[in-house]
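Participant: Turn this into a model:
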Amino acid sequence: MDDLNGILAVLILLLDVLAIVQVWRTRIETGRKIIWSLVIALLPVVGLIMWFVAMSRIGKVRL
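Facilitator: Residues are numbered from 1 along each chain as shown. Below you'll find the predicted structure:
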């Protein structure tokens, strides 16, 4: 069970890093990039879900 938790933690960390890299590759303003990076870093799972929704076709209007 501990191995599964460790693998899940590493997977979430990897996805967080990829999401933050993707945030910094977008054309949004620097202030928003900082806010998104903090949200993803401080709320790893929720931040990933929020970023995924924001980057979908529905959320692109809001960025």
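Participant: for the one helix or strand Leu15 maps to, packing partners?
Facilitator: Assessed by DSSP states H and E, Leu15 sits inside helix 2-25. Judged by 3 or more C-beta pairs under 8 Å, 6 or more residues apart in numbering; DSSP states H and E, helix 2-25 is in contact with helix 30-42, helix 44-55. In this view, the C-beta of every residue, glycine as well, is placed from N, C-alpha and C.
Participant: Rounded mean pLDDT for the shortest one, please.
Facilitator: To tie it back to what came earlier, the one meant is helix 44-55. Here helix 44-55 scores 91 as its mean pLDDT.
Participant: List the buried residues of it.
Facilitator: Neighbour counts using 16 or more other C-beta atoms under 10 Å place 44, 47-48, 50-51, 54-55 of helix 44-55 among the buried residues.
Participant: Any idea which helix or strand in the protein has the lowest mean pLDDT?
Facilitator: helix 44-55 (a mean of 91; mean pLDDT, DSSP states H and E).
Participant: what about the protein, any weak spots by pLDDT?
Facilitator: 58-63 (pLDDT under 70).
Participant: Throw the helices and strands packed on helix 2-25 into a markdown table and include distance to Ile20, thanks.
Facilitator: Below are these laid out as a markdown table (distance: least, C-beta to C-beta, whole Å):
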| stretch | distance to Ile20 |
| --- | --- |
| helix 30-42 | 5 |
| helix 44-55 | 9 |
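Participant: isn't Leu48 right next to Val17, touching?
Facilitator: No: look at Leu48 against Val17 with C-beta atoms under 8 Å: they stay out of range, at 10.8 Å.
Participant: returning to that earlier point: which one of the buried residues of helix 44-55 is nearest to Gly6?
Facilitator: Pro44 (14.8 Å; C-beta to C-beta).
Participant: residue contacts, that closest one?
Facilitator: By C-beta atoms under 8 Å, 6 or more residues apart in numbering, Pro44 lies in contact with 12-13, 16.
Participant: ok, it to Arg27 distance?
Facilitator: Separation of Pro44 from Arg27 (C-beta to C-beta, to the nearest Å) stands at 25 Å.
Participant: now swap in Val10 and tell me
Facilitator: Distance from Val10 to Arg27, by C-beta to C-beta: 30 Å.
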